[in-house]
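Colleague: task: produce atomic coordinates for the following.
(2 chains)
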Amino acid sequence: EPEVTQTPSHQVTQMGQEVILRCVPISNHLYFYWYRQILGQKVEFLVSFYNNEISEKSEIFDDQFSVERPDGSNFTLKIRSTKLEDSAMYFCASSQASSTGYNEQFFGPGTRLTVL
Amino acid sequence: DAKTTQPPSMDCAEGRAANLPCNHSTISGNEYVYWYRQIHSQGPQYIIHGLKNNETNEMASLIITEDRKSSTLILPHATLRDTAVYYCIVSYYPNTGNQFYFGTGTSLTVIP
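Modeller: Residues are numbered from 1 along each chain as shown, chains lettered A, B, ... in the order given. A predicted model of the protein is given here:
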């Protein structure tokens, strides 16, 4: 069964450093998403991406964040200068296009980001 | 923000049916109801979705009230591996894709 994969599973970084989280969505999917979950809190939407551009983003997704689909298979989330409060699980998701209003999203296993 | 309300926690005896309720009183006519679950800190796992009719798959059944203002997820024979946080989400897919708004969900504990 196809699945979304994410690397690394755990990333430790120093405050102020740049990190790139990587995701390989399901191959025939056209929509890509990043969510995050701070320990003990809700899963929060960050950004959605379609046709090589951002389609929606939340207030959390500020100028420190960027997304890219560099090679047609990977989907990346970059945090330019990490802060302590960026420590969280980051989930990538993907979905197929649908003309019927239905849009099941498939989630990856997550990357745990720890900022020291 | 999440448009659903769910009880924060529930217990269920192993082998019994687990019935997880969800209120979505402001649902619009074209919004689907999705159920996901999250085991520990793993990625959310799709369970089932529905629009108006009741639905069943190999994992669960979804009962949606006629007015669509609430639904119930039924796990027919709960096992210890069903212990997880269960999320009810309502959403509609516009042309540019849609995001899911997760609430706090229901933490289901299956008791031996």
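
Colleague: ok, what's across the strand from the residue nearest the centre of chain A?
Modeller: Closest residue to the average C-alpha location of chain A: A:Trp34 at 2.8 Å, with Cα atoms, centre = their mean. Here A:Trp34 sits in beta bridges with A:Val47, A:Cys92, as judged by DSSP bridges.

Colleague: any idea of the pLDDT on A:Ser73?
Modeller: Among the per-residue scores, A:Ser73 holds a pLDDT of 87.

Colleague: so what's it closest to, chain neighbours aside?
Modeller: For A:Ser73, ignoring the flanking residues on the chain, the nearest one in space by Cβ to Cβ, 6 or more residues apart in numbering or on different chains is A:Val24 at 5.8 Å. In short, each C-beta sits where N, CA and C put it, glycine included.

Colleague: one step back: test my guess that the residue nearest to the centre of chain A contacts A:Glu68.
Modeller: No. The pair A:Trp34 / A:Glu68 is not scored as a contact, 11.3 Å apart, by Cβ atoms under 8 Å.

Colleague: enumerate every residue touching the nearest residue to A:Asn28 once chain neighbours are set aside.
Modeller: Distance criterion Cβ to Cβ, 6+ apart; nearest residue to A:Asn28, sequence neighbours excluded, is A:Gln96 at 6.7 Å. When contacts are counted by Cβ atoms under 8 Å, 6 or more residues apart in numbering or on different chains, A:Gln96 is found next to A:28-31, A:103-104.

Colleague: of the residues you listed, buried ones?
Modeller: Buried residues within the contacts of A:Gln96, defined by neighbour count using 16 or more other Cβ atoms under 10 Å in any protein chain shown: A:29, A:31, A:103.

Colleague: now do the same for the first one: helix, strand or coil?
Modeller: In other words, A:His29. Following DSSP: H, G, I helix; E, B strand; the rest coil, A:His29 is assigned to coil.

Colleague: list the contacts of the residue lying closest to it once chain neighbours are set aside.
Modeller: Using Cβ to Cβ, 6+ apart and skipping residues adjacent in sequence, the residue nearest A:His29 is A:Ser94, 3.9 Å away. Residues in contact with A:Ser94 (Cβ under 8 Å, 6+ apart) are A:4, A:23, A:25-26, A:29, A:31-33, A:75, A:105-106.

Colleague: now do the closest residue to B:Ser61 other than its chain neighbours against chain A, distance only.
Modeller: With Cβ to Cβ, 6+ apart as the criterion, B:Ser61 has its nearest non-adjacent residue at 4.4 Å, and that residue is B:Ile74. Computed as Cβ to the nearest Cβ, to the nearest Å, the B:Ile74 to chain A distance reads 19 Å.

Colleague: now B:Val85
Modeller: Using Cβ to the nearest Cβ, we find B:Val85 at a distance of 9 Å from chain A.

Colleague: and what of B:Gly43?
Modeller: B:Gly43 is 4 Å from chain A, where distance means Cβ to the nearest Cβ.

Colleague: you'd agree that residue is up against A:Gln105?
Modeller: No. If you go by Cβ under 8 Å, B:Gly43 and A:Gln105 don't touch, sitting 10.1 Å apart.
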